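Asks: Just need the structure, nothing else, for what follows:
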Amino acid sequence: MSINSIDAFQSLGLATTADKSATAQAKQELGQEEFLKLLTTQLTHQDPNKPMENGDFLAQMAQFSTVEGIGDLNTSFNDFSSSISSGQALQAASLVGQSVLIPSDQAVMSLTKNMAGEINLTEATNNLNVSFLDSNGQTVKTINLGRQTPGEIPFEWDGLLDDGTYADPGVYQIRAEASVNGQNTILQTHVNADVESVALGGNDIDGIRLALAGLGEVNFNKVKKIF
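Replies: You can find the predicted model right below:
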């Protein structure tokens, strides 16, 4: 017959290490009931010639209420934050197979879809150009978008080169340039990208990452539009 060592210790009135740890942890927590008992004992044994001032009594009660309130608020906030993160994770997961618009100076040319995006033009220009460069840094195509007013200027390239052939599928660098106040200015670009998968790496929105076809991963909070 086997004997449980923990039961044997307890039958002799001896505490195990686990029991001591649990008791120590419990002693570190002071609930409202324990606090009131402690306060009552303090009032019972106070010096009659130096009774506790009302202000001291109220201050102790206020301190306890404040600490307890902060603890409840932290718990509620954590629950609320987890709920938001869960909702955002579900939303991000639904993006698999769809396209998103993200800030990037690279885009993918595929056999089935044109390369497209937007140029962030901060000031009016008489001459806006967007160029596409291959993996060697060589410009293979430049599209002139002419005169434009400030705003998000869309662009699209079907892959057709000036010699009538089509560019090879793959990743191309994008360079948008405009003449602003007489100076050539490099502009920020956003590109369309296909979502292949979603990775959840944490409990907040910064931990949600989208794996984009040909472009690697990007934080979910970088997404500007969903198509």
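Asks: Now do stretch 215-227: everything it contacts.
Replies: 88, 92, 95, 98-104, 106-108, 171, 190, 192-193, 198-199, 205-206, 208-212 (Cβ atoms under 8 Å, 6 or more residues apart in numbering). From N, CA and C alone the C-beta is placed, and that goes for glycine too.
Asks: Would you show me how to pick out the buried ones of those in PyMOL?
Replies: Burial among the contacts of stretch 215-227 is assessed by 16 or more other Cβ atoms under 10 Å; the matching PyMOL selection reads:
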select buried, resi 88+92+95+99+100+101+102+104+107+108+190+192+193+198+208+209+210+211+212
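Asks: low-confidence ranges in the protein?
Replies: 1-36, 38-39, 42-43, 45-89, 91-92, 201-206 (pLDDT under 70).
Asks: now the helices for it?
Replies: Along the chain, counting by DSSP state H, helices occupy 5-11, 17-27, 32-44, 54-93.
Asks: what's the neighbour count on the closest residue in space to Trp157 that isn't next to it in sequence?
Replies: Take Trp157 and drop its neighbours on the chain: the residue closest to it by Cβ to Cβ, 6 or more residues apart in numbering is Met115, 4.7 Å away. Per other Cβ atoms under 10 Å, the neighbour tally for Met115 reads 21.
Asks: Isn't Met115 up against Val130?
Replies: No. Using Cβ atoms under 8 Å, Met115 is not in contact with Val130; the gap is 10.2 Å.
Asks: Find the residues that touch each one of those two.
Replies: With Cβ under 8 Å, 6+ apart, Met115 and Val130 have no common neighbours.
Asks: ok, the residue nearest to Trp157 - contacts?
Replies: 107-109, 132, 156-157, 159, 172, 191-192.
Asks: per-domain residue ranges of the protein.
Replies: The chain is divided into the following domains under automatic domain parsing: 5-92, 99-226.
Asks: Only the buried subset of the contacts of Met115, as a ChimeraX command please.
Replies: In ChimeraX syntax, the buried subset of the contacts of Met115 is picked out as below (16+ other Cβ under 10 Å):
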select :107,108,109,132,157,159,172,191,192
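Asks: And the contacts of Met115, which is closest to Ala178?
Replies: Phe132 (16.2 Å; Cβ to Cβ).
Asks: circling back: please flag which of the contacts of Met115 sit within strands.
Replies: 107-109, 132, 156-157, 172, 191-192 (DSSP state E).
Asks: With distance to Ser179 added, can I get the residues you listed in a markdown table?
Replies: A markdown table is the format used below for these (distance: Cβ to Cβ, whole Å):
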| residue | distance to Ser179 |
| --- | --- |
| Ala107 | 23 |
| Val108 | 29 |
| Met109 | 27 |
| Phe132 | 19 |
| Glu156 | 22 |
| Trp157 | 21 |
| Tyr172 | 23 |
| Val191 | 23 |
| Asn192 | 26 |
